[in-house]
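# Dropping the sequence and predicted coords here.
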Amino acid sequence: MKIAEVQPRLFEHFQKLLKHQQLSHAYLFVGGFGNYDMAMWLAKGVFCEKMGAPCGNCRICKLIDRNEFSELQIIEPDGQMIRVDQVRELLANFASTGFESTKKVVIIKEAEKMGMNAANALLKTIEEPESEVYIFLLAENESLLLPTIQSRAQKVVFPKDEIYLSNFLQQMGLLKTEADLLAAITNSTDEAKALAESSWYLPASKVLANFVEVIQSSNELAFLKVIELLPHFEGKKEQSVAFEILLILFNQVQATNFTIKTFKAEKMWRANVRFQSCLESICL
Ligand SMILES: [Zn+2]
């Protein structure tokens with residue numbers, strides 16, 4: 001994503017901060033719409049040979065693009081957690097490779113998955129007086145973050161731009177209705193693109209749209225259609241997307257009754273009731 005297009009207001013804001021060297025040492029970027037791209041752009045801004053805004057062409061900018069610049073480290077969860085030894089390993093790496101620059105940048109993906117010890121070990125590094133460490137914590141769900149992160153990092157919200165996302169998908173070749181729906185259930189161009197290009201998503205969403213149409217005229221017919229839906233939604237991830245699509249489609253046609261039933265069905269599904277039974281409960 002081109003960050004200047006995706007988040008023009010934030011782009012302008014951070015451009016000023018870079019120019020005046022007023023970047024804070026710890027940021028919490030909430031919302032997936034361009035937050036990673038912004039963090040990468042700022043990382044370049046910290047190290048680039050040109051002051052102000054990153055040039056994109058110097059040796060350092062190119063190394064960063066290839067993920068080969070040792071003073072920039074990106075951490076993502078190892079399984080369900082970001083472990084404290086991942087942070088310790090990173091800090092040890094910094095200590096041994098500090099020849100490019102005294103500055104360091106850390107980008108933490110899915111900061112919701114960082115445990116207390118890992119968060120403390122990381123945030124401690126910016127409290128040392130001579131510290132030139134910049135930390136960008138990326139998160140989708142703010143409510144899952146540890147209070148220690150929320151209180152010590154400066155929060156910036158990355159609002160989603162559904163129209164931009166839909167246009168992006170239409171340029172990929174999706175029909176407007178398909179693009180609007182996919183834009184509504186995803187939070188970034190990467191996520192939307194991955195679904196659009198997957199073999200299951202588009203056929204599955206069509207079958208679901210048909211189900212929504214049928215159920216409004218006949219519950220019995222829709223009940224029979226459930227069987228046809230199942231092969232399209234075999235995994236947990238696919239099933240979760242199915243509920244999101246249903247909620248949006250029912251909402252579009254203002255079928256409040258079915259929206260409520262879908263909420264209940266999703267709740268059952270989260271409590272491990274079989275997907276089929278949950279869908280059937282919407283038809284009853
Ligand atoms: Zn550069």
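Happy to help now that I have it.
# Measure how far the strand ranked longest in the chain is from the centre of its chain, please.
Using DSSP state E to define each element, the chain has its longest strand at strand 133-139. The gap between where strand 133-139 is centred and where its chain is centred comes out at 14 Å by CA atoms, centre = their mean, to the nearest Å.
# So what are the sheet partners of that strand and their directions?
strand 26-30 (parallel), strand 104-108 (parallel) (DSSP bridges).
# Following the chain onward from that strand, which element is next?
Under the assignment DSSP states H and E, the closest C-terminal helix or strand after strand 133-139 is helix 147-152.
# elements contacting that next one?
For helix 147-152, the elements it packs on are strand 26-30, helix 116-124, judged by 3 or more CB pairs under 8 Å, 6 or more residues apart in numbering; DSSP states H and E. (Each C-beta comes from the backbone N, C-alpha and C, glycine too.)
# For it, list every residue counted as buried.
By 16 or more other CB atoms under 10 Å, the buried positions in helix 147-152 come out as 149, 152.
# repeat for stretch 183-199
Those would be 183-189, 191-193, 195-196, for stretch 183-199 by 16+ other CB under 10 Å.
# returning to that earlier point: tell me the most buried of the strands paired with strand 133-139?
Of all these, strand 104-108 has the most neighbours on average by mean count of other CB atoms under 10 Å, namely a mean of 26.
# Could I have the CA atoms of that strand written out in CSV?
This file holds the C-alpha atoms of strand 104-108, laid out as CSV (Å, rounded to 0.1, in the frame of the first residue of the first chain):
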residue,chain,number,x,y,z
LYS,A,104,17.6,1.2,16.2
VAL,A,105,14.0,0.5,15.1
VAL,A,106,11.8,-2.3,16.3
ILE,A,107,8.5,-3.2,14.6
ILE,A,108,6.2,-5.5,16.6
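# now that strand and helix 116-124, what's the angle there?
Strand 104-108 and helix 116-124 meet at an angle of 150 degrees, taking axes from the mean of the first three to the mean of the last three CA atoms, to 10 degrees as the criterion.
# From the chain's centroid, how far away is strand 104-108?
So, by CA atoms, centre = their mean, the centroid of strand 104-108 is 17 Å from its chain's centroid.
# quick one: average pLDDT of that strand?
Strand 104-108 comes out with an average pLDDT of 94.
# Up against the ion, what does this protein have?
Within reach of the ion by CB under 5 Å from the ion, the chain has these residues: 48, 54-55, 58, 61.
# Could you find the closest non-adjacent residue to the closest residue to the ion within the stretch 101-250 of the chain?
Nearest residue of the stretch 101-250 of the chain to the ion, counting by CB to the ion: S101, 12.7 Å away. Leaving out its chain neighbours, the residue that sits closest to S101 by CB to CB, 6 or more residues apart in numbering is E71, at 5.1 Å.
# next one: phi and psi at T186?
Note on T186: its backbone torsions stand at phi -120, psi 170 [degrees, to the nearest 10].
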